[in-house]
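>>> Kindly return the folded structure for what I paste below:
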Amino acid sequence: MQEAALVGWHQRYSQLRRGSFAGEVQTLSLPGISITRERVNLAVAQEIASPLGCAVFVASLSNSAEWRVNAARRGTDVISLYRGGTEVTAVAPDHSDVLIVTVEAQQLGVAAEDIPPVRYCFGSAQTEATKQWLSSLLAIYGRNEAPPELDALLPGLVLDRLHAMLQHFLLSDDTALRPRAAYALYRQALRLMEDQHREPLSVADMAQELGVPATSLREAFTETIGITPSAWLRQHRLHGARRDLNSANGSVSEIAMKWGFWHLGRFSAYYAERFGHTPSDALRARSRL
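This is a model prediction of the structure:
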(Lines give C-alpha, C1' and ligand atoms only; values in the text may rest on other atoms or scores of the structure.)
Protein backbone atom coordinates (compact mmCIF):
# COMPACT_ATOMS: atom_id res chain seq x y z
CA MET A 1 0.00 0.00 0.00
CA GLN A 2 1.02 3.63 -0.57
CA GLU A 3 1.06 4.23 3.20
CA ALA A 4 3.96 1.78 3.62
CA ALA A 5 6.05 3.06 0.73
CA LEU A 6 8.30 5.36 2.78
CA VAL A 7 10.41 3.16 5.05
CA GLY A 8 10.55 4.32 8.66
CA TRP A 9 7.70 6.81 8.27
CA HIS A 10 4.31 6.80 9.97
CA GLN A 11 1.67 7.59 7.34
CA ARG A 12 -2.10 7.48 7.19
CA TYR A 13 -3.83 8.52 3.97
CA SER A 14 -7.47 9.51 3.61
CA GLN A 15 -8.77 9.75 0.05
CA LEU A 16 -10.70 13.02 -0.36
CA ARG A 17 -12.16 12.42 -3.82
CA ARG A 18 -14.17 9.57 -5.27
CA GLY A 19 -12.56 7.14 -7.67
CA SER A 20 -9.88 4.51 -7.98
CA PHE A 21 -6.71 5.50 -6.15
CA ALA A 22 -3.42 5.21 -8.02
CA GLY A 23 -0.05 6.10 -6.62
CA GLU A 24 3.59 5.65 -7.56
CA VAL A 25 6.70 5.90 -5.40
CA GLN A 26 10.27 5.93 -6.72
CA THR A 27 13.20 5.98 -4.27
CA LEU A 28 16.97 6.32 -4.52
CA SER A 29 18.71 5.22 -1.30
CA LEU A 30 22.19 6.45 -0.38
CA PRO A 31 24.06 6.12 2.95
CA GLY A 32 21.96 8.14 5.41
CA ILE A 33 19.96 9.76 2.59
CA SER A 34 16.71 8.84 0.84
CA ILE A 35 15.45 10.66 -2.26
CA THR A 36 11.83 9.87 -3.12
CA ARG A 37 9.34 10.99 -5.72
CA GLU A 38 5.70 10.32 -4.87
CA ARG A 39 2.82 10.75 -7.33
CA VAL A 40 -0.86 10.39 -6.44
CA ASN A 41 -3.81 10.78 -8.80
CA LEU A 42 -6.47 11.86 -6.28
CA ALA A 43 -6.52 14.45 -3.50
CA VAL A 44 -5.55 12.91 -0.15
CA ALA A 45 -5.20 14.05 3.45
CA GLN A 46 -2.05 12.64 5.02
CA GLU A 47 -1.19 12.25 8.69
CA ILE A 48 2.57 11.80 8.59
CA ALA A 49 5.66 11.69 10.79
CA SER A 50 9.14 11.17 9.37
CA PRO A 51 11.93 9.20 11.09
CA LEU A 52 13.54 10.65 14.22
CA GLY A 53 16.98 12.20 13.91
CA CYS A 54 16.43 13.36 10.33
CA ALA A 55 15.85 16.50 8.34
CA VAL A 56 13.21 16.25 5.63
CA PHE A 57 12.96 18.53 2.59
CA VAL A 58 9.71 18.49 0.59
CA ALA A 59 9.04 20.24 -2.73
CA SER A 60 6.30 20.01 -5.34
CA LEU A 61 7.31 18.97 -8.87
CA SER A 62 3.99 19.91 -10.46
CA ASN A 63 1.96 23.07 -10.95
CA SER A 64 -1.13 21.52 -9.38
CA ALA A 65 -3.38 23.36 -6.95
CA GLU A 66 -2.08 24.57 -3.63
CA TRP A 67 -1.38 22.28 -0.68
CA ARG A 68 -2.46 22.66 2.94
CA VAL A 69 0.04 21.99 5.72
CA ASN A 70 -1.30 22.09 9.28
CA ALA A 71 -4.27 24.18 8.07
CA ALA A 72 -2.03 26.72 6.30
CA ARG A 73 -2.28 27.06 2.52
CA ARG A 74 0.93 26.61 0.55
CA GLY A 75 1.59 27.19 -3.16
CA THR A 76 3.65 24.85 -5.29
CA ASP A 77 6.53 27.36 -5.25
CA VAL A 78 7.10 26.74 -1.52
CA ILE A 79 9.69 24.28 -0.18
CA SER A 80 9.21 22.78 3.29
CA LEU A 81 11.64 21.58 5.94
CA TYR A 82 10.56 19.21 8.74
CA ARG A 83 12.35 17.85 11.78
CA GLY A 84 12.12 14.07 11.94
CA GLY A 85 9.34 12.87 14.23
CA THR A 86 7.20 16.00 13.83
CA GLU A 87 3.53 15.15 13.23
CA VAL A 88 2.18 16.93 10.17
CA THR A 89 -1.22 17.01 8.47
CA ALA A 90 -0.81 17.65 4.75
CA VAL A 91 -3.51 17.80 2.10
CA ALA A 92 -2.27 17.05 -1.41
CA PRO A 93 -4.36 18.12 -4.44
CA ASP A 94 -5.33 15.93 -7.38
CA HIS A 95 -2.35 14.81 -9.51
CA SER A 96 0.22 15.72 -6.88
CA ASP A 97 3.87 15.05 -7.68
CA VAL A 98 6.26 15.66 -4.82
CA LEU A 99 9.97 15.25 -4.09
CA ILE A 100 10.87 14.12 -0.55
CA VAL A 101 14.48 14.04 0.66
CA THR A 102 15.25 12.53 4.07
CA VAL A 103 18.76 12.91 5.48
CA GLU A 104 20.31 12.12 8.85
CA ALA A 105 20.81 15.40 10.69
CA GLN A 106 24.35 14.49 11.73
CA GLN A 107 25.36 14.24 8.08
CA LEU A 108 24.37 17.89 7.69
CA GLY A 109 26.53 18.80 10.68
CA VAL A 110 23.60 19.79 12.93
CA ALA A 111 21.86 18.26 15.92
CA ALA A 112 18.34 17.02 15.20
CA GLU A 113 16.87 19.28 17.89
CA ASP A 114 18.34 22.34 16.13
CA ILE A 115 16.21 21.69 13.05
CA PRO A 116 12.91 23.62 13.21
CA PRO A 117 9.84 21.36 13.61
CA VAL A 118 8.22 22.85 10.49
CA ARG A 119 9.61 25.61 8.31
CA TYR A 120 9.00 26.77 4.78
CA CYS A 121 10.50 29.18 2.27
CA PHE A 122 9.87 30.32 -1.26
CA GLY A 123 12.08 28.69 -3.83
CA SER A 124 15.14 30.48 -5.18
CA ALA A 125 17.15 29.83 -8.33
CA GLN A 126 19.48 27.69 -6.22
CA THR A 127 16.75 25.60 -4.57
CA GLU A 128 14.97 25.16 -7.92
CA ALA A 129 18.19 23.89 -9.50
CA THR A 130 18.71 21.48 -6.59
CA LYS A 131 15.14 20.20 -6.87
CA GLN A 132 15.48 19.54 -10.60
CA TRP A 133 18.90 17.91 -10.14
CA LEU A 134 17.60 15.53 -7.46
CA SER A 135 14.61 14.54 -9.58
CA SER A 136 16.92 13.93 -12.55
CA LEU A 137 18.97 11.55 -10.39
CA LEU A 138 15.84 9.51 -9.75
CA ALA A 139 15.16 9.36 -13.47
CA ILE A 140 18.74 8.37 -14.38
CA TYR A 141 18.99 5.64 -11.75
CA GLY A 142 15.45 4.49 -12.53
CA ARG A 143 16.54 3.83 -16.12
CA ASN A 144 19.85 2.27 -15.00
CA GLU A 145 21.72 4.93 -16.97
CA ALA A 146 23.98 6.23 -14.18
CA PRO A 147 27.71 5.81 -14.92
CA PRO A 148 29.43 3.47 -12.40
CA GLU A 149 31.87 6.15 -11.28
CA LEU A 150 28.97 8.30 -10.06
CA ASP A 151 28.10 5.90 -7.22
CA ALA A 152 31.14 6.80 -5.13
CA LEU A 153 30.80 10.55 -5.70
CA LEU A 154 27.05 10.92 -5.38
CA PRO A 155 26.57 10.91 -1.55
CA GLY A 156 29.02 13.80 -1.15
CA LEU A 157 27.47 15.75 -4.03
CA VAL A 158 23.97 15.33 -2.61
CA LEU A 159 25.08 16.35 0.90
CA ASP A 160 26.69 19.53 -0.46
CA ARG A 161 23.41 20.52 -2.11
CA LEU A 162 21.32 19.65 0.95
CA HIS A 163 23.62 21.54 3.30
CA ALA A 164 23.26 24.64 1.13
CA MET A 165 19.48 24.21 1.14
CA LEU A 166 19.42 23.87 4.94
CA GLN A 167 21.36 27.13 5.29
CA HIS A 168 18.86 28.80 2.96
CA PHE A 169 16.09 27.79 5.39
CA LEU A 170 17.94 28.74 8.55
CA LEU A 171 18.91 32.18 7.22
CA SER A 172 15.46 33.01 5.81
CA ASP A 173 13.27 35.38 7.82
CA ASP A 174 9.79 34.62 9.16
CA THR A 175 9.61 31.09 7.77
CA ALA A 176 8.34 29.21 10.81
CA LEU A 177 4.95 27.58 10.36
CA ARG A 178 3.24 28.66 13.55
CA PRO A 179 0.49 26.61 15.20
CA ARG A 180 -3.06 27.54 14.22
CA ALA A 181 -6.10 27.22 16.46
CA ALA A 182 -8.02 25.32 13.77
CA TYR A 183 -5.25 22.76 13.40
CA ALA A 184 -4.94 22.32 17.18
CA LEU A 185 -8.68 21.55 17.45
CA TYR A 186 -8.48 19.17 14.47
CA ARG A 187 -5.67 17.24 16.18
CA GLN A 188 -7.74 16.99 19.36
CA ALA A 189 -10.58 15.50 17.31
CA LEU A 190 -8.20 12.93 15.79
CA ARG A 191 -7.01 11.86 19.21
CA LEU A 192 -10.62 11.49 20.32
CA MET A 193 -11.32 9.23 17.36
CA GLU A 194 -8.24 7.12 18.11
CA ASP A 195 -9.43 6.65 21.69
CA GLN A 196 -12.97 5.69 20.64
CA HIS A 197 -12.51 4.27 17.16
CA ARG A 198 -14.69 1.25 17.84
CA GLU A 199 -17.67 3.43 18.81
CA PRO A 200 -19.07 5.49 15.90
CA LEU A 201 -19.29 9.14 16.95
CA SER A 202 -21.48 11.91 15.59
CA VAL A 203 -20.29 15.48 15.08
CA ALA A 204 -22.44 16.49 18.08
CA ASP A 205 -20.77 13.80 20.20
CA MET A 206 -17.30 15.03 19.20
CA ALA A 207 -18.17 18.67 19.88
CA GLN A 208 -19.57 17.78 23.29
CA GLU A 209 -16.54 15.67 24.21
CA LEU A 210 -14.17 18.46 23.15
CA GLY A 211 -16.23 21.21 24.79
CA VAL A 212 -16.59 23.33 21.66
CA PRO A 213 -19.52 24.42 19.46
CA ALA A 214 -20.20 22.23 16.43
CA THR A 215 -19.55 25.27 14.21
CA SER A 216 -16.01 25.58 15.60
CA LEU A 217 -15.39 21.91 14.88
CA ARG A 218 -16.68 22.35 11.33
CA GLU A 219 -14.37 25.32 10.77
CA ALA A 220 -11.39 23.36 12.12
CA PHE A 221 -11.93 20.50 9.68
CA THR A 222 -12.68 22.59 6.61
CA GLU A 223 -9.66 24.83 7.27
CA THR A 224 -7.30 21.90 7.89
CA ILE A 225 -8.34 19.28 5.32
CA GLY A 226 -11.08 20.97 3.27
CA ILE A 227 -14.04 18.75 4.24
CA THR A 228 -16.65 18.79 6.99
CA PRO A 229 -16.30 16.66 10.13
CA SER A 230 -19.35 14.57 9.17
CA ALA A 231 -17.76 13.75 5.79
CA TRP A 232 -14.46 12.99 7.51
CA LEU A 233 -16.14 10.67 10.03
CA ARG A 234 -17.60 8.53 7.26
CA GLN A 235 -14.29 8.55 5.38
CA HIS A 236 -12.42 7.57 8.52
CA ARG A 237 -14.65 4.52 8.95
CA LEU A 238 -14.50 3.62 5.24
CA HIS A 239 -10.70 3.82 5.22
CA GLY A 240 -10.53 1.68 8.35
CA ALA A 241 -12.70 -0.92 6.65
CA ARG A 242 -10.57 -0.70 3.52
CA ARG A 243 -7.36 -1.38 5.46
CA ASP A 244 -8.97 -4.41 7.11
CA LEU A 245 -10.30 -5.72 3.80
CA ASN A 246 -6.81 -5.42 2.30
CA SER A 247 -4.87 -6.97 5.16
CA ALA A 248 -6.97 -8.60 7.90
CA ASN A 249 -9.05 -11.74 8.19
CA GLY A 250 -12.82 -11.57 8.28
CA SER A 251 -15.83 -11.38 6.01
CA VAL A 252 -17.24 -8.23 4.45
CA SER A 253 -20.12 -8.16 6.93
CA GLU A 254 -17.81 -8.64 9.94
CA ILE A 255 -15.53 -5.82 8.85
CA ALA A 256 -18.48 -3.56 8.02
CA MET A 257 -19.98 -4.00 11.50
CA LYS A 258 -16.61 -3.53 13.15
CA TRP A 259 -16.48 -0.05 11.63
CA GLY A 260 -20.07 0.85 12.47
CA PHE A 261 -21.81 0.06 9.16
CA TRP A 262 -24.87 -1.93 10.17
CA HIS A 263 -26.54 -2.01 6.74
CA LEU A 264 -24.38 -4.12 4.41
CA GLY A 265 -25.94 -2.79 1.19
CA ARG A 266 -25.33 0.81 2.15
CA PHE A 267 -21.79 -0.01 3.21
CA SER A 268 -21.08 -1.61 -0.17
CA ALA A 269 -22.57 1.40 -1.98
CA TYR A 270 -20.58 3.93 0.07
CA TYR A 271 -17.41 1.89 -0.41
CA ALA A 272 -17.80 1.51 -4.18
CA GLU A 273 -18.63 5.20 -4.56
CA ARG A 274 -15.49 6.23 -2.67
CA PHE A 275 -12.91 3.72 -3.97
CA GLY A 276 -14.22 2.65 -7.37
CA HIS A 277 -14.64 -1.03 -6.46
CA THR A 278 -16.78 -3.07 -4.07
CA PRO A 279 -15.73 -4.56 -0.72
CA SER A 280 -16.13 -8.01 -2.26
CA ASP A 281 -13.67 -7.01 -5.01
CA ALA A 282 -11.16 -6.00 -2.32
CA LEU A 283 -11.63 -9.28 -0.49
CA ARG A 284 -11.10 -11.29 -3.69
CA ALA A 285 -7.96 -9.31 -4.50
CA ARG A 286 -6.61 -10.06 -1.00
CA SER A 287 -7.28 -13.78 -1.39
CA ARG A 288 -5.17 -13.84 -4.58
CA LEU A 289 -2.08 -12.48 -2.79
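>>> going forward, measure contacts and count neighbours with C-alpha atoms only.
Will do.
>>> longest single helix anywhere in this structure?
helix 150-171 (DSSP state H).
>>> Check which helices and strands that helix is in contact with.
With contacts defined as 3 or more Cα pairs under 8 Å, 6 or more residues apart in numbering; DSSP states H and E, helix 150-171 has these neighbours: strand 118-122.
>>> Tell me the buried residues in stretch 245-264?
Buried residues in stretch 245-264, counted by 16 or more other Cα atoms under 10 Å: 245, 246, 252, 253, 255, 256, 258, 259, 260, 261.
>>> Among the residues you listed, name the ones in helices.
Checking those against DSSP H, those in helices are 245, 246, 252, 253, 255, 256, 258.
>>> Could you double-check that the third one lies in contact with residue 279?
Yes: with contacts defined as Cα atoms under 8 Å, residue 252 counts as touching residue 279 at a distance of 6.5 Å.
>>> what residues are shared contacts of the two?
Shared contacts of residue 252 and residue 279 (Cα atoms under 8 Å, 6 or more residues apart in numbering): residue 245.
>>> pLDDT value on the residue nearest the centre of the chain, please?
Residue closest to the mean C-alpha point of the chain, counted by Cα atoms, centre = their mean, is residue 46 at 3.4 Å. Per-residue confidence (pLDDT) for residue 46: 91.
>>> That one and residue 183: what is the separation?
Distance of residue 46 to residue 183, computed by Cα to Cα, to the nearest Å: 14 Å.
>>> domains of the chain?
Annotated domains of the chain cover 2-171, 181-287 [automatic domain parsing].
>>> what distance separates the start and the end of the last one?
In other words, domain 181-287. 45 Å.
>>> what does stretch 216-234 give?
19 Å.
>>> Ok, stretch 169-181 next?
25 Å.
>>> Repeat that for stretch 243-258.
Stretch 243-258 has an end-to-end distance of 12 Å (criterion: Cα to Cα).
>>> That stretch - what's its average pLDDT?
Predicted confidence along stretch 243-258 averages 87 (mean pLDDT).
>>> Residues contacting it, please?
Here stretch 243-258 has contacts from 198, 241, 262, 264, 267, 279, 280, 282, 283, 285, 286, using Cα under 8 Å, 6+ apart.
>>> of all these, which two lie farthest apart?
Farthest-apart pair in these is 198 and 285; separation 25.6 Å (Cα to Cα).
>>> doesn't residue 99 fall inside a helix?
No: Residue 99 is assigned strand when assessed by DSSP: H, G, I helix; E, B strand; the rest coil, not a helix.
>>> re earlier: of the contacts of stretch 243-258, buried ones?
The buried subset of these - by 16+ other Cα under 10 Å - is 241, 267, 279, 282, 283.
>>> List just the nearest of those residues to residue 32.
Comparing the buried ones among the contacts of stretch 243-258 against residue 32 with Cα to Cα places residue 241 closest, at 35.8 Å.
>>> give me the element the closest one is part of.
Under the criterion of DSSP states H and E, residue 241 resides in helix 229-247.
>>> cool, and residue 85?
Residue 85 belongs to no helix or strand, assigned by DSSP H and E.
>>> From residue 106, how far out is the nearest residue to it once chain neighbours are set aside?
Using Cα to Cα, 6 or more residues apart in numbering and skipping residues adjacent in sequence, the residue nearest residue 85 is residue 52, 4.7 Å away. Look at residue 52 and residue 106: by Cα to Cα, they are 12 Å apart.
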